[in-house]
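S.K.: Build me a structure from this.
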Amino acid sequence: MNKQSIGNTGINVTPLCFGTSGLGNMPDTYGYEVDEARARETLHAIFDSPINFLDTGNNYGLGRSEQRIGDAIRERGGLPKGFVLSTKVDRDMATGKFDASRVRQSLEESLTRLGIDTVPMLHLHDPEHARDLNEITREGGALDELFRLKEEGIAQSIGLAMGRIDVMFPILRERPFDVLISHNRYTLLNRSADEMFDYAASSNIAILNAAPFAGGVLAKGGAVMPRITYQPADEKKLAPVRAIESICAEANIAPGALALQFSMKRQNMTSTIVGITKPERIDQTLDWANAEIPPAIWDEIESLGFDTKDPEADREYKPG
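M.R.: Okay, the predicted model is just below:
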């Protein structure tokens, strides 16, 4: 697969990235369990695939995602050559503390679990859920510490990964980030990240769009997974999903292929992060990325319209 560069860092990634939060076993978020054996099998399949990019985070499954990834890396004798591993520093999950010392502590926890000394990509994660945003943005705060980690060579590239655009966009404008991750804000259902993505592209900030399936419903279907952005959805909320599914059924196209390519084909998109929790999803994702979709289908999708409000405004955040 043709690789895209992460700013001027020398890092090059495939246009698809596999997200591994679900591999940390997060039933409160995804509605199902993932045991250790399934996670291990999936991780080895990822490392054997043509995708060179994997994303995790300190608080995914309260550390289980990183630990399982680290176990797989150790079983293989190290991270495969050319593979790009992305993780995130997180607040203290008990207190909400997210100052400079917590950034350093969070990274040390991650490096220990993963069994590595440096990380190719490191993001500050979910500052909107911390106890005090000023603790993060002030001089000598969490963001200053994040950039210091890059200066020290512990992180090769640094980014900002979060949900709320109203909090994320101002921070993004103030700092020379290499990369950003936004989730659920650029999908067939919602395009609230559009303006921010345009700014990032003009500022040489690599764009990683996560959760193109709106939390899974556009991949598994509303009948199988009646949840949108990790929350139960009634028939009224599922109506846009049903409309997309109807168009796809008429054209004999998998809704997941349409949702994935919608993200991948956006101008200046660096990579799309797709969460997977079973090995067979790898080939399915690659098939969807290469599926032929007639141009007329995109016109039909555009006619449906889309939302620009925060898709997680009513979400009850749970780390498990």
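S.K.: Tell me which residues of whichever helix in the chain runs longest come out buried.
M.R.: For the chain, the helix with the greatest residue count under DSSP state H is helix 235-251. By 16 or more other C-beta atoms under 10 Å, the buried positions in helix 235-251 come out as 237-238, 240-241, 243-245, 247-248. From N, CA and C alone the C-beta is placed, and that goes for glycine too.
S.K.: What ranges does the protein have for its strands?
M.R.: 4-5, 12-13, 16-19, 53-55, 84-89, 119-125, 155-162, 179-183, 206-210, 227-228, 231-232, 271-275 (DSSP state E).
S.K.: who does the longest one pair up with?
M.R.: Its sheet considered, strand 155-162 pairs with strand 119-125 (parallel), strand 179-183 (parallel) by DSSP bridges.
S.K.: Count the residues that sit near the nearest residue to P212 once chain neighbours are set aside.
M.R.: Nearest-residue entry for P212: S263, 4.1 Å, with adjacent residues in sequence omitted and distances by C-beta to C-beta, 6 or more residues apart in numbering. Neighbourhood size, S263 [other C-beta atoms under 10 Å]: 24.
S.K.: residues in contact with S263?
M.R.: 186-187, 209, 212, 269, 272 (C-beta atoms under 8 Å, 6 or more residues apart in numbering).
S.K.: again, but for L111
M.R.: L111 touches 117-119, counting by C-beta under 8 Å, 6+ apart.
S.K.: Kindly recompute the last result at 7 Å.
M.R.: D117 (C-beta atoms under 7 Å, 6 or more residues apart in numbering).
S.K.: ditto for L16
M.R.: Contacts of L16 by C-beta under 7 Å, 6+ apart are 51, 271-272, 274, 285, 289.
S.K.: buried set for the lowest-mean-pLDDT helix or strand in the chain?
M.R.: The weakest-scoring helix or strand in the chain, judged by mean pLDDT, DSSP states H and E, is helix 27-30 (a mean of 88). Within helix 27-30, the residues that count as buried by 16+ other C-beta under 10 Å are 29-30.
S.K.: what does that helix contact?
M.R.: 22, 33, 216, 230, 318, 320.
S.K.: at 6 Å instead, please
M.R.: Applying C-beta atoms under 6 Å, 6 or more residues apart in numbering, the contact partners of helix 27-30 are 22, 33, 230, 318, 320.
S.K.: Against R164, how distant is the spatially closest residue to P240 that is not a sequence neighbour?
M.R.: Leaving aside its sequence neighbours, P240 sits nearest to L189 (C-beta to C-beta, 6+ apart; 5.5 Å). Noted for L189: a distance of 17 Å to R164, by C-beta to C-beta, to the nearest Å.
S.K.: T229 too?
M.R.: 13 Å.
S.K.: what does S101 give?
M.R.: Taking C-beta to C-beta, one finds S101 at 24 Å from R164.
S.K.: Give me the more crowded residue out of these two.
M.R.: For S101 versus R164, neighbours defined as other C-beta under 10 Å are more numerous around R164 (17 against 12).
S.K.: re the thing from before, let me have the strands paired with strand 155-162 in TSV, extended by mean neighbour count and mean pLDDT.
M.R.: Shown next, in TSV, are the strands paired with strand 155-162 (neighbours: other C-beta atoms under 10 Å; pLDDT from 0 to 100):
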stretch	mean neighbour count	mean pLDDT
strand 119-125	25	98
strand 179-183	26	98
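S.K.: for those strands, which one sits closest to G153?
M.R.: The closest of those to G153 is strand 119-125. By C-beta to C-beta, the value is 10.6 Å.
S.K.: And the closest one, how far out from the chain middle?
M.R.: Chain-centre distance of strand 119-125: 12 Å, with C-alpha atoms, centre = their mean, to the nearest Å.
S.K.: Okay, angle between that strand and strand 84-89 too, please.
M.R.: 30 degrees (axes from the mean of the first three to the mean of the last three C-alpha atoms, to 10 degrees).
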